[in-house]
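Novice: Sequence first, predicted coordinates after that:
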Amino acid sequence: MDIAPIFNLIQAGSLDGHFSNLYTQPRYMAGLGMQLFSLWKNARIQLPDGTCHQASMRVLRVGDDFAGFIIIRHEANQPDEVEIYMCGLVDGFRAKGLGEWMLRAALSEIPRDYTVSAECLPSSFQMKSLLRKLGFKQSNLPTSTQSPQVAQRFVYAETSVRPSKSPLNICLSGSIAMSS
């Protein structure tokens, strides 16, 4: 798996306010590269606070083109809790239903009794709208973000989601590995 397109998408999204603007600073860019490599190689991610978490990454391709990704992070001390840690689509693939399809596919692999959360920065209007559409509710619980920007936390409130039919010629590689 080539992590460069994911890195580049996160960088572009950081400039647009969809990911932490810290990822535009050299120190954090290096950390992001190490996070993605560790995720790809070891299915683990180390956060800036030093905690390590099991994590899974799925890559969305349309034909041969990289279209997006989703990273699911498992809570270290709570095996039945997961977070949509990062999710993004390349500009040319937005507003086509692919983000919804990708999130539905990922959610359908997570056991129904798990708590699923996501944190969004204020300017991530499309992501917040999509999360609400899929049954997430905004929560007053504190966020775990390391970002100096204020994030909003969403918690999944539905009991079952099934992916819609796969759009023609797309592939979501990888799988969501659950702790046992």
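Specialist: Sure, I can see it.
Novice: what's the following helix or strand after the lengthiest helix in the chain?
Specialist: The helix that spans the most residues within the chain, counting by DSSP state H, is helix 26-42. Sequence-wise, the next helix or strand downstream of helix 26-42 (DSSP states H and E) is strand 44-46.
Novice: by contact count, what packs against the following helix or strand past that following strand?
Specialist: On the C-terminal side of strand 44-46, the nearest following helix or strand under DSSP H and E is strand 52-62. Counting contacts by 3 or more Cβ pairs under 8 Å, 6 or more residues apart in numbering; DSSP states H and E, strand 52-62 packs against helix 26-42, strand 44-46, strand 65-74, helix 98-108, strand 170-173. (Glycine included, C-beta is placed from N, CA and C.)
Novice: do that again at 6 Å, thanks
Specialist: strand 44-46, strand 65-74, strand 170-173 (3 or more Cβ pairs under 6 Å, 6 or more residues apart in numbering; DSSP states H and E).
Novice: Can you list the buried residues in the longest helix of the chain?
Specialist: Counting neighbours by 16 or more other Cβ atoms under 10 Å, one finds that the buried residues in helix 26-42 are 28-29, 31-32, 35-36, 39.
Novice: now do stretch 50-65
Specialist: Applying a neighbour-count criterion of 16+ other Cβ under 10 Å, one finds 53-62 buried in stretch 50-65.
Novice: export those residues to a markdown table and tack on distance to Pro111 and pLDDT?
Specialist: Shown next, in a markdown table, are the buried residues of stretch 50-65 (distance: Cβ to Cβ, whole Å; pLDDT from 0 to 100):
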| residue | distance to Pro111 | pLDDT |
| --- | --- | --- |
| His53 | 17 | 89 |
| Gln54 | 14 | 91 |
| Ala55 | 16 | 91 |
| Ser56 | 13 | 90 |
| Met57 | 19 | 90 |
| Arg58 | 17 | 90 |
| Val59 | 22 | 91 |
| Leu60 | 22 | 91 |
| Arg61 | 26 | 90 |
| Val62 | 29 | 89 |
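Novice: nearest to Ser123, of the residues you listed?
Specialist: Nearest to Ser123 out of these is Leu60 (Cβ to Cβ; 22.1 Å).
Novice: So Thr74 versus Phe136, what's the distance?
Specialist: Not quite, residue 74 is His, not Thr. Using Cβ to Cβ, to the nearest Å, we find His74 at a distance of 18 Å from Phe136.
Novice: next one: Ala105
Specialist: Using Cβ to Cβ, Ala105 is found at 16 Å from Phe136.
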